[in-house]
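**Student:** With the input below, show me the fold.
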Amino acid sequence: MENKKTILIVEDDIFLSDMYQTKFVEAGYNVKVAGDGQEGLSALQEGLRPDMVLLDIVMPKMDGIEMLTAVKKDEKLKDIPVVLLTNLGQESDITRGMDLGALDYFVKAHFTPSEVAKKVETLFATIQASKQ
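**Tutor:** Just a heads-up that it's a prediction; the model follows:
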């Protein structure tokens, strides 16, 4: 049996994180959830190695940009693909996220959770193809 990929969803909105978690579990993924950037970063520093992080930007304690910056600066964590999943749709927000090392940037309002799950599947296929 093929190993299931693990997704870490870092999202402070419980309703949204539950919805995304449900969709990704239905799509065959293991899912971990963190309620803010600090919790997400701690999980990674304590040894969680997801195949991808879906990261909201606007959160309490530590926002997604701070978490992304910390992950990309950490030698042990910098290779984990991070996708920003946020309501911030300004070009400047997208550019900043991508410049900091995000693999992709999804504006929540533009995609249903099912569409996000499909886009993540496509990203995994792209990552796999680039490793061959």
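
**Student:** Only C-alpha atoms from now on, for both contacts and neighbour counts.
**Tutor:** OK.

**Student:** Pull the number of nearby residues for residue 121.
**Tutor:** 14 (other CA atoms under 10 Å).

**Student:** Report the mean confidence score over the helix or strand harbouring it.
**Tutor:** Using DSSP states H and E, residue 121 maps to helix 113-131. Averaging pLDDT along helix 113-131 gives 92.

**Student:** Pairing partners for the most centrally placed residue in the chain in the sheet, please.
**Tutor:** Central residue of the chain (CA atoms, centre = their mean): residue 54, 1.4 Å from the mean position. Beta bridges link residue 54 to residue 9, residue 83, judged by DSSP bridges.

**Student:** show me what contacts it?
**Tutor:** When contacts are counted by CA atoms under 8 Å, 6 or more residues apart in numbering, residue 54 touches 7, 8, 9, 10, 82, 83, 84, 85.

**Student:** From residue 75, how far off is the third one?
**Tutor:** Between residue 9 and residue 75 the distance is 21 Å, computed by CA to CA, to the nearest Å.

**Student:** Who has more neighbours out of these two?
**Tutor:** Between residue 9 and residue 75, counted using other CA under 10 Å, residue 9 has the larger neighbour count: 27 against 8.

**Student:** what sits against the more buried one?
**Tutor:** 17, 20, 21, 31, 32, 33, 34, 53, 54, 55.

**Student:** before we move on, the earlier item: tell me which residues of the helix holding residue 121 come out buried.
**Tutor:** Neighbour-count burial for helix 113-131 flags 113, 114, 116, 117, 120, 123, 124 (criterion: 16 or more other CA atoms under 10 Å).

**Student:** which stretches of this protein form helices?
**Tutor:** Using DSSP state H, the helices of the chain run over 14-26, 37-45, 64-73, 91-99, 113-131.

**Student:** Could you give the separation of the second one from the chain centroid?
**Tutor:** The offset between the C-alpha centroid of helix 37-45 and the centroid of the whole chain comes to 12 Å, using CA atoms, centre = their mean, to the nearest Å.
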